[in-house]
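# using only what follows, build the 3D model:
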Amino acid sequence: MSTSPEHILIAGAGVGGLTAAVALQRRGIPCTIIEAAPRPVAVNTSILLQNNTMQVLSELNLGRHMSERGRRIAHTSIMSVDGKVLTEVRAEDVDGTVGASALGIHRADVHEVLLSRLDDECLVTGDPVIGFETDAGGVAVYLRSGRRLEGRGLVGADGIDSRIRARLHGDRPAIHSGTNCLRGVTKAETEPLDEVREWWGYRLQFGIIPLPEGRSSWFALIPTPPRPVPDPGDRLTFYQRLYRKFPAPVRELLAATEPQETIEVELRHRPWRGGSGAVTLLGDASHPMLPNLGQGAGQAIEDAAALARRLDGAASVAAAFREFEKERRARVQWIQRQAVRMNQIASVPSGPLGTARDAVLRNLPDRVERTSVMRMFDGAHT
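Numbers count the residues shown, from 1 in each chain. The predicted structure is shown next:
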């Protein structure tokens, strides 16, 4: 392989890959993003940028730009279907300690902010990675078009079904959670406008994330059906039937949403994996997690900042990658485990187990709840 240029190659232009490029450029480290799609496109969903994520974005000089496009979240609550509060987090208990407020924002707005901070020439689009090889000089990446790119290192940020991860660790299937999630965005608001609310039934879970400009984003979790419902209209009707006994805000948002404004996924996750040599993994390529804690995008953003910091001035890209993986592994594995547990708790059936869950959550001491929340929000600085 010929002498490598100084670029870090990033496979994938999702939130993690784009943030990594911004963080690297901010430190004067040249990079190239390789995106399989003709252009970077965000799916029609929201992101809850939690306090730890906003802290990192602020340190990357992105916090203000995100805040201008999102809605500040002052309160997060989880309630039973009959309206009893099971657990809650208020901004005044977190913001002062972490140093940043949570934000509800559309995923497309996150992409636009990140892309606006990048040079156009750093993007290679419409040409997916099909392979790579490494040697002492760095890495060579092969694209479907036949093009060959060289760099100091390769960052796999290509999602839960990462080709980079499969090449490193084998193409093992992801772990199925047994839960499906329908997400939607609608031009309707529900009061209060600064509160994320979730209602937990038994094997059903519905949440609302407020957005600016009179919009709301919502998600609905159900046990994975035995057969998929491919038609968007039929699928939305199916969810409406399941949630017919939930409170009015839930029913109203479902009724106000156009079927084409929804997207359904089966929730999957994988164990954390790192890289090898001049290759590493970031975000969902490394540690895809269930969305029950709202930390998937946040942990990819934390990854990006930590990666740039480790590469800044590093004599060896491979060594910097291993330090990055060492720094991030314990934290993301803990959050992955907590997300699985939260999914299990939220998905309990009716009867004694469901009654016991609600009672335990309502009576959980504040200090125990705060300790868990602050551990999730801590350790996120660039």
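
# could you find the closest non-adjacent residue to Ser62?
Just so we're on the same page, residue 62 is Leu rather than Ser. Val113 (6.3 Å; CB to CB, 6 or more residues apart in numbering). For every residue, glycine as well, the C-beta is placed using N, CA and C.

# quick one: buried residues of the host helix or strand of the one you found?
In the assignment (DSSP states H and E), Val113 maps to helix 107-116. Across helix 107-116, burial judged by 16 or more other CB atoms under 10 Å covers Arg107, Ala108, Asp109, Val110, His111, Val113, Leu114, Leu115.

# of all these, which two lie farthest apart?
The most widely separated members of those are Arg107 and Leu115, with 12.5 Å between them, by CB to CB.

# circling back: from Glu325, how far off is the residue nearest to Leu62?
27 Å (CB to CB, to the nearest Å).

# what's near enough to touch the residue nearest to Leu62?
Leu62, His65, Met66, Arg69 (CB atoms under 8 Å, 6 or more residues apart in numbering).

# between those residues, which has the most around it?
Greatest neighbour count in the contacts of Val113, by other CB atoms under 10 Å, goes to Leu62: 22 neighbours.

# with adjacent residues omitted, what lies nearest to Leu193?
Pro210 (5.1 Å).

# specify the beta-bridge partners of that neighbour.
As for beta bridges, Pro210 partners with Ser216 under DSSP bridges.

# where exactly do the strands run in the stretch 51-200 of the chain?
71-73, 75-80, 85-90, 102-106, 123-125, 129-135, 138-143, 148-151, 153-156, 175-186, 195-200 (DSSP state E, counting those that start in this stretch).

# mind checking how far the fifth one is from the chain centre?
Average the C-alpha atoms of strand 123-125, do the same for its chain, and the two points are 22 Å apart (CA atoms, centre = their mean, to the nearest Å).

# list of residues touching that strand?
Against strand 123-125 from outside (CB under 8 Å, 6+ apart): Ala13, Thr32, Ile33, Ile34, Glu35, Ala37, Pro38, Arg39, Pro40, Leu143, Leu149.

# pick the one among the buried residues of helix 107-116 closest to Gly277.
Among the buried residues of helix 107-116, and counting by CB to CB, the member closest to Gly277 is Leu114, at 27.7 Å.

# quick check: the closest one vs Gly12, distance?
For Leu114 relative to Gly12 (CB to CB), the value is 13 Å.

# if we can go back for a sec, would you format the buried residues of helix 107-116 as CSV with pLDDT and distance to Gly178 included?
Listed next are the buried residues of helix 107-116 as CSV, based on pLDDT from 0 to 100; distance: CB to CB, whole Å:
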residue, pLDDT, distance to Gly178
Arg107, 97, 25
Ala108, 96, 30
Asp109, 97, 32
Val110, 98, 29
His111, 97, 30
Val113, 98, 35
Leu114, 98, 33
Leu115, 97, 36
